[in-house]
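Novice: for reference, the sequence and a predicted model appear below.
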Amino acid sequence: MAALVSAAPKARLTCAEASRFGDLIISPSTVSPGDTLTVKADFTCAIDYFGIIPEYIDYYIEVPVNNSGYEPNILLARRTLPSGTADEFTVTVPYAYYTQGAGYVVVLDTTYAINGTNGPYSVVGGTEAGITINTTS
């Protein structure tokens, strides 16, 4: 008699729409200028479920609300995806002008190519994670 081999099927990947451009985790979520910030981005859902392959990955500090009008986005890093589906690095929070009480976010902008009628072109989508930046008077 032949032996039957049973393999458990691989679990189907289901992903939230919010994972389309990557899942972003920032640690710690409260920092001061000069502190080290750990940034992790998981692109498993973006790649395997949505078919989005990052060409460039940009990370910014932004203040989307309560901006004093003088705070442009601060680029933390521009990276390419290492082998695999995740990116992780540490960065020092720059000494810059921060507004007390402003709501800051770290933004992950993912640039990827899509096929148009005249050939491929690049588009950008993103996600964000909130952080608190302590300021001094």
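Specialist: Perfect, I can see it now.
Novice: in the protein, where is pLDDT below threshold?
Specialist: 1-13, 66-70, 136-137 (pLDDT under 70).
Novice: report the central residue of it.
Specialist: Leu108 (3.3 Å; Cα atoms, centre = their mean).
Novice: on the strand side of things, show who it bridges to.
Specialist: Beta-bridge pairing of Leu108 under DSSP bridges involves Tyr59, Thr127.
Novice: tell me the contacts of it?
Specialist: Contacts for Leu108 (Cβ atoms under 8 Å, 6 or more residues apart in numbering) come out as 21-22, 24, 41, 57-59, 126-129. Bear in mind the C-beta positions are built from the backbone N, C-alpha and C, glycine included.
Novice: okay if I get those residues as CSV plus distance to Gly51 and neighbour count?
Specialist: Shown next, in CSV, are these (distance: Cβ to Cβ, whole Å; neighbours: other Cβ atoms under 10 Å):
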residue, distance to Gly51, neighbour count
Phe21, 12, 24
Gly22, 13, 27
Leu24, 19, 21
Ala41, 17, 25
Ile57, 17, 22
Asp58, 20, 18
Tyr59, 22, 23
Gly126, 17, 17
Thr127, 17, 19
Glu128, 22, 16
Ala129, 23, 17
